[in-house]
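[1] following is a predicted model, sequence given first.
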Amino acid sequence: MEDSSTIRFAAIDSKAEIREVVSSVYNALLVKGYNPINQLVGYILSEDPTYITNYNGARSLITRVDRDELLQELLISYLQK
């Protein structure tokens, strides 16, 4: 029998988890030779996950973070410095 249940991935919404995800994705992009800032900006603006490499599961990680939450946390972090 085929299992027809839907797989759900837990969304990441805590500040610490978002920071960890962004750091991991940034490092994966860097290792693969991409400009991490440009790639992350492209992803945030378009929500197109192909801006993020699959290396080390970076693409699946970033898609677990709500884009609005990600942008909000980045803006808060920027303004607090």
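    Perfect, thanks for sending it. Numbering: from 1, shown residues only.
[2] buried set for the strand or helix carrying residue 23?
    Secondary structure assigned from DSSP states H and E places residue 23 in helix 15-31. The neighbour-count check on helix 15-31 (16 or more other Cβ atoms under 10 Å) flags 18, 21, 22, 25, 26, 28, 29 as buried. Glycine gets a C-beta too; all of them are placed from N, C-alpha and C.
[3] from residue 50, how far out is the residue nearest to the spatial centre of the chain?
    The centre of the chain sits closest to residue 62, judged by Cα atoms, centre = their mean, with a distance of 2.0 Å. From residue 62 over to residue 50 the distance is 11 Å, taken as Cβ to Cβ, to the nearest Å.
[4] how about residue 61?
    According to Cβ to Cβ, residue 61 stands 15 Å off from residue 50.
[5] so for those two, which residue has more residues nearby?
    Legend: neighbour count by other Cβ atoms under 10 Å for residue 61 and residue 50, higher for residue 61 (18 against 11).
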